[in-house]
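Enquirer: 3D, please:
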Amino acid sequence: MSVLNPILQPTEVKEYLCKGDRFIKWDDETSNASPVILRVDPQGFYVYWTYQSTEREILDITSIRDTRAGRFAKMPKSLKLREVFNLDHPYSTFLQKTLTIVSGPDMVDLTFHNFVSYKENICQVSGPEIVQMHFCNLVCISFHSLVKLKLQLNEEGKIPVRNIFQMFPADKKRVEEALSACHLPNGKNDAINPEDFPEPVYKTFLMNLCPRPEIDEIFTSHHLKAKPYMTKEHLAKFINKKQRDTRLNDILFPPAKPEQVQSLIEKYEPSGFNIQRGQLSPEGMVWFLCGPENNLIVLDKLMLYQDMTQPLSHYYINSSHNTYLTAGQFSGTSSPEMYRQTLLAGCRCVELDCWKGRPPDEEPIITHGFTMTTEILFKDAIEAIAESAFKTSPYPVILSFENHVDSPKQQAKMAEYCRTIFGDMLLTEPLEKYPLKPGVPLPSPKDLFRKILIKNKKNQSMSGKRQSSLKKGKNMEPETTEQPTSVDAEDTVWAGDVIEEEPEEEDDQLRNLDEEEIKKMQSDEGTAGLEVTAYEEMSSLVNYIQPIKFNSFEVSAKKNRSYVISSFTEMKAGDLLSKFPLQFVEYNKWQMSRIYPKGTRMDSSNYQPQMFWNVGCQMVALNFQTMDVPMQQNMALFEFNGQCGYLLKHEFMRRPDKQFDPFSVDRIDGLVATTVCVTVLSGQFLSDRSVKTYVEVELLGLPRDAKRKHRTKLTSTANSINPVWKEEAFVFEKIMMPELASLKIVAWEEGGKFIGQRIVPIIAMHPGYHHVCLRSESNMPLTMPALFVFLEIKDYVPDAWADLTIALSNPIKFFNLQDKRLVKLKDSSGEVSFSRFCSLKHFLCAPVSPLQVLGRSWPCSAFLFCVSEPETITLAELQQKKRFLKLLKRQEKELRELEQKGSKQREELLQKYSVLFSEQASPGGKKRTIRTRKTQKKRSVTPSDAGTSANPVKAAETIDHHWLVELRDRLEMDLIHLGEEHHNRIRRKKEQHATEQVARILELAREKQAAELRVLRDTSER
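Expert: Numbering: from 1, shown residues only. Now for the predicted structure:
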């Protein structure tokens, strides 16, 4: 049990790191080089270096993203520094002595700290040790702050009180009072001797600064009322009742025993007298609930715990889109560093948009085509990938090429770079056990251990007709068979496709592009459809990840080729999963799919990945440079399983004999739904300001899961040090598939300013009381801010069966309680119906199988003995509920929008044919021009306008009769087709609305029934 045996042990800092070594710290911008002593504090919270002037700089280890030694470290560019380090000498040992520490709040805003050791090869050892500590600092409300205070001493070697005020700026008066309570100096200009501020005194200071009345209430409810302490027996009972998962088997996972919890008392009880007597005080209870034994996370799931021998298609794969960009898609900066950072963050699929280099070097480049983004060399990106590919995870890396290099010479150069730089890491031939044949599954991550796979066009030839159509902008029908093409499987943009409007402020830049380029930039698919022929050298590097253009699920199932992959924009994938969810899940069982953001996300924002995980899509590619909510969820999910970048999908998404519908309403065969109750009790050190705060709790999961979002009230006072919320639990009653659901908790200041967030998968949470350590928007741990919550996680039981479940779980307790109720009812009413009670007692005490129990109808009245019957609510009353009316209002709005969309499409079609008529009627014919959207005005064509401009009778004098009849027939067919599509959309939307209305009525009815049952239960107990 994790409460007694924490898996994650405290960080062990090697002695040589604590003692430190002499280095020279250099800065290229200032050309300064200063001698320092580089150390790590004994608890492993900070790296710090001390100058000869005793000035000290401190770096939080949680902010360290990488350490680089030797040829991977930064090299001085300044001529002065190169002379100082004798870099140009043929026997220079600089590479054996150099170390670069990379830190930053996110993947873009990075700082490089450069050091040169006096000794050779020490950096190759100390660098990885420092990075390892980064993953061990997971303890909440720890003593980071105390260590930092003791590292920031003044010239006299004392702790300035000013630093304490800066560390807790929300309430200066409370800090002064807390210091006084510890008999410490509290003046702004005072200083404290470090020996006078040991850990026990610091704990007392925190207890005075941040009192915990909510924990005192918990303590009071679990100990002898007359005693100010909790015995070993009471603590063991508290752990088993509140901190233990009730779903665990008592034999396989034995409950805690009084003799086992003595070690916890010895660890957390501040009083030696209480320790000897086996007693825990309220203060000891506070530190016990703050300890690693009560971590919110199931720590063994942080380690590599999943089976890594399944085919690649059975895993979710951490994936990046346009990896090289550091900002927006139109004018952002490109950098090879982004490949390092994404791979270090656990990403296993990165994207390379390759374009032809310019003379004279003709070096292939990586950039976002037809935009103002900067360029980087292809070679630099490959070197960055080779350096960082397997630092975080040893499992395979997939390079997704979008290849626009139409030069055989430059493609050969790209292939040569891949072979020479990657070396043995590059998989150039398929494994013998997994040939590229239909019906053969993909190899597993274990089979591809430390291998790099390339996703690029495989075949050499390409249809010249299709290539020319892309250049000329002519519309061609897509092919009816599924075969490898020049497209990155990110569906080709055909001329005439519907194009989304772009913001007007981009018109000036777009003015300089030709018409086709503008269309490509406007499209969802971006530049993927402009890929060129893949020549032999690059083609030979592709094996298990061969891109193809998606045709249909039926064609894919018939061909049954696991080694081909199709990519979809978020819009195309969303359309497929809404229309064919079952087929999409089946498709992802044997074949891989990649989802990527639509091309109009010029700000590099992200779509919600959850909906695509729900159908088993493996590579849900996101913009890693944007730390929005989708990216936070992605990082939170892939933090588990050793941060290896691969997560095994649920067996329903892997086994061919199982079917899974993510839109299932009632239940999924073979799965037990879960109920999660979250009570937000308090917060600690939430903000640097004295403000009111509130908390939001949201469920991220399947579409039909329970109500998604709850929110606490705003705190009544401006208190960000220890706000308390006394509210009812937030209940997520029915979570259909817990393996696909996560809980998101966010703290906000009044006015909507972000404080911190935490997203945790449901299956990785411990029930009980926990401190939730909050994280920044970039998912970095925050040192102090935390929320204290109580979690209940249990199997979902419908309200109608709740009392039967309780009775079956403990029949003796149930009937003892019923006997007491019967006595009370006898005294009050004089007569009670015993026949129903006796029959129930006989049923529960008799040896009845669970199937017999579920096969009978047992109304709630069989378990509740009340004098009066509750009032039932009618359907009409349910339909007048505010939440139901709000749903109807939203549905009406959706139908209106669909009608407007249909009318708009009809008007556009009529306008299109009107233009065709007028062009043929005019002597000059069609003249193509490029116009900006500022000058383009969409004209709504009325039926009368269409009739006058496209009247076959009036135009017959100048237009060929046969052509006119053909055009008229095409117009009629298009109008009929458009009408049918519009009718089908309306019909599907109304069916969806009906389903939503039934679900909402059932939800309201269950809530009403639960309220009635609570009233009945309370009445019967009285």
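
Enquirer: hey, let's count contacts and neighbours off CA atoms from now on
Expert: OK.

Enquirer: same for the one helix or strand Gln900 maps to, what does it pack against?
Expert: In this structure, Gln900 is located in helix 882-921 according to DSSP states H and E. On a contact count with 3 or more CA pairs under 8 Å, 6 or more residues apart in numbering; DSSP states H and E, helix 882-921 meets helix 943-949, helix 961-1021.

Enquirer: Which among those helices is found nearest to Lys172?
Expert: For the helices and strands packed on helix 882-921, distance to Lys172 was read as CA to CA. The smallest value, 45.9 Å, belongs to helix 961-1021.

Enquirer: Could you list every helix and strand in contact with that closest one?
Expert: helix 875-879, helix 882-921.

Enquirer: Now with 10 Å, please.
Expert: helix 802-809, helix 811-829, helix 875-879, helix 882-921, helix 952-955 (3 or more CA pairs under 10 Å, 6 or more residues apart in numbering; DSSP states H and E).

Enquirer: what is the rounded mean pLDDT of the host helix or strand of Trp748?
Expert: Using DSSP H and E, Trp748 sits in strand 742-749. Average pLDDT, strand 742-749: 96.

Enquirer: Now do the helix or strand that comes right after that strand against strand 742-749, angle only.
Expert: Under the assignment DSSP H and E, the closest C-terminal helix or strand after strand 742-749 is strand 754-761. Calculated by axes from the mean of the first three to the mean of the last three CA atoms, to 10 degrees, strand 754-761 forms an angle of 170 degrees with strand 742-749.

Enquirer: For strand 754-761, buried residues please.
Expert: Across strand 754-761, burial judged by 16 or more other CA atoms under 10 Å covers 755-761.

Enquirer: so who does Gln43 touch?
Expert: The contact partners of Gln43, taken as CA atoms under 10 Å, 6 or more residues apart in numbering, are 10-13, 18, 133, 137, 143-144, 147.

Enquirer: Any chance of the residues you listed in JSON lines with secondary structure and distance to Thr333 as columns?
Expert: Shown next, in JSON lines, are those (DSSP: H, G, I helix; E, B strand; the rest coil; distance: CA to CA, whole Å):
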{"residue": "Pro10", "secondary structure": "coil", "distance to Thr333": "40"}
{"residue": "Thr11", "secondary structure": "coil", "distance to Thr333": "38"}
{"residue": "Glu12", "secondary structure": "coil", "distance to Thr333": "40"}
{"residue": "Val13", "secondary structure": "coil", "distance to Thr333": "38"}
{"residue": "Cys18", "secondary structure": "helix", "distance to Thr333": "39"}
{"residue": "Met133", "secondary structure": "helix", "distance to Thr333": "32"}
{"residue": "Asn137", "secondary structure": "coil", "distance to Thr333": "33"}
{"residue": "Phe143", "secondary structure": "coil", "distance to Thr333": "39"}
{"residue": "His144", "secondary structure": "helix", "distance to Thr333": "36"}
{"residue": "Val147", "secondary structure": "helix", "distance to Thr333": "38"}
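
Enquirer: does Leu686 really touch Leu774, like I thought?
Expert: Yes: between Leu686 and Leu774 there is a contact under CA atoms under 10 Å: 9.0 Å.

Enquirer: shared neighbours, those two?
Expert: Joint contacts of Leu686 and Leu774 (CA under 10 Å, 6+ apart) are 747, 755-756, 782, 784-787.

Enquirer: and Val672, backbone torsions?
Expert: phi -100, psi 120 (degrees, to the nearest 10).

Enquirer: Could you pull up the contacting residues of it?
Expert: Listed by CA under 10 Å, 6+ apart, the contact set of Val672 reads 734-738, 794-797.

Enquirer: Going by neighbour count, list what's buried in stretch 272-292.
Expert: For stretch 272-292, by 16+ other CA under 10 Å, it's 274-275, 278-292.

Enquirer: Now do that stretch, average pLDDT.
Expert: Rounded mean pLDDT across stretch 272-292 is 92.

Enquirer: next one: stretch 875-887
Expert: 84.

Enquirer: Make JSON lines out of the shared contacts of Leu686 and Leu774 and add distance to His223.
Expert: Output for those, formatted as JSON lines (distance: CA to CA, whole Å):
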{"residue": "Ala747", "distance to His223": "32"}
{"residue": "Ile755", "distance to His223": "35"}
{"residue": "Gly756", "distance to His223": "34"}
{"residue": "Leu782", "distance to His223": "34"}
{"residue": "Met784", "distance to His223": "30"}
{"residue": "Pro785", "distance to His223": "29"}
{"residue": "Ala786", "distance to His223": "26"}
{"residue": "Leu787", "distance to His223": "24"}
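
Enquirer: now the helices for the stretch 251-400 of the chain?
Expert: 262-268, 272-277, 282-290, 337-344, 378-388 (DSSP state H, counting those that start in this stretch).

Enquirer: Could you work out which of those helices reaches nearest to Thr309?
Expert: helix 337-344 (21.8 Å).

Enquirer: Just the angle for that closest one relative to helix 378-388, thanks.
Expert: Using the same axes, to 10 degrees: helix 337-344 against helix 378-388 is 30 degrees.

Enquirer: for helix 337-344, packing partners?
Expert: Counting contacts by 3+ CA pairs under 10 Å, 6+ apart, helix 337-344 packs against strand 64-69, strand 349-355, helix 378-388.

Enquirer: now with 8 Å?
Expert: Helices and strands touching helix 337-344, as assessed by 3+ CA pairs under 8 Å, 6+ apart, comprise strand 64-69, helix 378-388.

Enquirer: and Ile454, what does it touch?
Expert: Ile454 makes contact with 398-401, 541-543, 545 under the criterion CA atoms under 8 Å, 6 or more residues apart in numbering.

Enquirer: Select only the buried ones of those in ChimeraX?
Expert: Only the buried members of the contacts of Ile454 enter the following ChimeraX selection, criterion being 16+ other CA under 10 Å:
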select :398,399,400,401,541,542,543,545
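
Enquirer: where do the helices sit along the stretch 51-200 of the chain?
Expert: Per DSSP H, counting those that start in this stretch, the stretch 51-200 of the chain carries helices over the ranges 79-84, 123-134, 144-151, 161-167, 172-181, 199-209.

Enquirer: Tabulate those helices (a markdown table), appending distance to Tyr563 and mean neighbour count.
Expert: As requested, those are arranged in a markdown table below (distance: least, CA to CA, whole Å; neighbours: other CA atoms under 10 Å):
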| stretch | distance to Tyr563 | mean neighbour count |
| --- | --- | --- |
| helix 79-84 | 50 | 14 |
| helix 123-134 | 36 | 17 |
| helix 144-151 | 49 | 18 |
| helix 161-167 | 55 | 17 |
| helix 172-181 | 63 | 17 |
| helix 199-209 | 58 | 16 |
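
Enquirer: Same list (these) but as a markdown table, adding mean pLDDT and distance to Glu877.
Expert: Output for the helices of the stretch 51-200 of the chain, formatted as a markdown table (pLDDT from 0 to 100; distance: least, CA to CA, whole Å):
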| stretch | mean pLDDT | distance to Glu877 |
| --- | --- | --- |
| helix 79-84 | 89 | 81 |
| helix 123-134 | 76 | 57 |
| helix 144-151 | 91 | 56 |
| helix 161-167 | 94 | 55 |
| helix 172-181 | 94 | 52 |
| helix 199-209 | 93 | 51 |
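
Enquirer: Including distance to Thr995, could these go into CSV?
Expert: As requested, those are exported to CSV (distance: least, CA to CA, whole Å):
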stretch, distance to Thr995
helix 79-84, 71
helix 123-134, 48
helix 144-151, 52
helix 161-167, 53
helix 172-181, 55
helix 199-209, 53
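
Enquirer: which one of those lies closest to Lys458?
Expert: Closest among the helices of the stretch 51-200 of the chain, once you apply CA to CA, is helix 123-134, at 38.5 Å.

Enquirer: Remind me what the closest one packs against, helices and strands.
Expert: By 3+ CA pairs under 8 Å, 6+ apart, helix 123-134 packs against strand 64-69, strand 98-103.

Enquirer: what's the closest of those strands to Leu910?
Expert: strand 64-69 (57.8 Å).

Enquirer: In TSV, list the contacts of Ile454 along with distance to Lys707.
Expert: What follows is those, written out as TSV (distance: CA to CA, whole Å):
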residue	distance to Lys707
Ile398	37
Leu399	39
Ser400	38
Phe401	41
Leu541	48
Val542	46
Asn543	45
Ile545	39
